[in-house]
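Novice: Give me a 3D structure for the following:
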Amino acid sequence: MANGGLCVACPSGCASCDVSGSCYSCLASFYLFQGHCLNCPALCSSCTDGSTCTGCSSGILVSNLCITCQDTTYGGSAGCTACVAS
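Specialist: Numbers count the residues shown, from 1 in each chain. This is a model prediction of the structure:
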């Protein structure tokens, strides 16, 4: 942001802001709340708020959260499912 011709950095997580430091948009893994950029939940690459992931940096998206499955499970549409012994 510019302040009398002097460039000043936006707050952490903020992609664009005004001269007072109020954010207009956020970087990946952050969401906008009342002019501030807050961290998305764990493992989210994008979110709409503090409890709703829209994309995962790792794991799978289940019921608006990102989860990782254990070694003996695999990711399915309803979550982690146990592998069948061969």
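Novice: can you give me the strands for the chain?
Specialist: With strands called from DSSP state E, the chain shows them at 2-3, 6-7, 14-17, 23-26, 30-33, 36-39, 44-49, 52-56, 60-62, 65-67, 73-76, 79-82.
Novice: Now mean pLDDT and mean neighbour count too, for those, in JSON lines please.
Specialist: The C-beta positions use only the backbone N, C-alpha and C, and glycine is treated the same way. Putting those into JSON lines (pLDDT from 0 to 100; neighbours: other C-beta atoms under 10 Å) gives the following:
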{"stretch": "strand 2-3", "mean pLDDT": "54", "mean neighbour count": "10"}
{"stretch": "strand 6-7", "mean pLDDT": "76", "mean neighbour count": "7"}
{"stretch": "strand 14-17", "mean pLDDT": "95", "mean neighbour count": "16"}
{"stretch": "strand 23-26", "mean pLDDT": "96", "mean neighbour count": "18"}
{"stretch": "strand 30-33", "mean pLDDT": "97", "mean neighbour count": "18"}
{"stretch": "strand 36-39", "mean pLDDT": "96", "mean neighbour count": "17"}
{"stretch": "strand 44-49", "mean pLDDT": "95", "mean neighbour count": "18"}
{"stretch": "strand 52-56", "mean pLDDT": "94", "mean neighbour count": "17"}
{"stretch": "strand 60-62", "mean pLDDT": "86", "mean neighbour count": "17"}
{"stretch": "strand 65-67", "mean pLDDT": "88", "mean neighbour count": "19"}
{"stretch": "strand 73-76", "mean pLDDT": "62", "mean neighbour count": "13"}
{"stretch": "strand 79-82", "mean pLDDT": "70", "mean neighbour count": "13"}
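Novice: Report the central residue of the protein.
Specialist: In the chain, the centroid-proximal residue (C-alpha atoms, centre = their mean) is residue 29; its distance is 2.9 Å.
Novice: Can you give me the distance of that one to residue 5?
Specialist: 32 Å (C-beta to C-beta, to the nearest Å).
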